[in-house]
Every structure is written in C-alpha cells, then in structure tokens.
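Asker: All I have is the shape, not the residue letters:
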C-alpha cells in the first residue's frame, strides 16, 4: 500500500477495531512521499517500529489520530476540499517538521 492510499482512507483505521489493540500507527518508507510504501499497524510498547514494518524497511511515520487531526484542520481552513495529494503533502510536512 502507498502512503497516499492510507491518507485517503484514514477513517477506515478505527481505534475501536480489535485488530488495533493499541493506537493504529502509520509506518512508511523514507524518504516520505505520497508514493512511499506504507502500512498501518498497532503500536507496540517499547518498540518504535514493529518487526512486520521493519522487515519491509519502513520507519515510524505518524499515529492515525494525528493524521486525522491534521486532515480535519486542513479541510476546515480551505474554501474547497483539498485533494488527497494536497492532504498527504500536509501530513508528510507535519511528520517531517512538527512531530
């Protein structure tokens, strides 16, 4: 899956889903772009990158709840809904410079 795909489907990663026993988190291949390979996995205590993500060469990117907050703030600040690509770029910017 690509990072752009995950950003476009953020609402599908419900924290109440039993698949995510802990906070769902995005892991992505660096350098982060919308075309980076990525996956969503539950956070594991004391582990920055779960073995499944590390095996794929992915790094910690951002928790789903933060990506949703960034997306909602961007959408609320615009007159027209931004494209998924624009949203993804804003989420990448946040993960790179503000997280």
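Answerer: All right, it came through fine. Quick caveat: nothing in here was measured; it's all calculated off a predicted structure.

Asker: From residue 46, how far out is the closest residue in space to residue 11 that isn't next to it in sequence?
Answerer: Nearest residue to residue 11, sequence neighbours excluded (Cβ to Cβ, 6 or more residues apart in numbering): residue 68, at 7.4 Å. Every residue, glycine included, has its C-beta placed from N, CA and C. Distance, residue 68 to residue 46, using Cβ to Cβ, to the nearest Å: 25 Å.

Asker: go on, residue 78?
Answerer: For residue 78 relative to residue 46 (Cβ to Cβ), the value is 39 Å.

Asker: neighbour-wise, which of those two wins?
Answerer: Relative neighbour count places residue 78 above the other of residue 78 and residue 46, with 11 against 5, counting by other Cβ atoms under 10 Å.

Asker: Report pLDDT for the nearest residue to residue 84 once chain neighbours are set aside.
Answerer: In space, residue 84 comes closest to residue 8 once its chain neighbours are excluded; the distance is 4.5 Å by Cβ to Cβ, 6+ apart. In this prediction, residue 8 carries a pLDDT score of 96.
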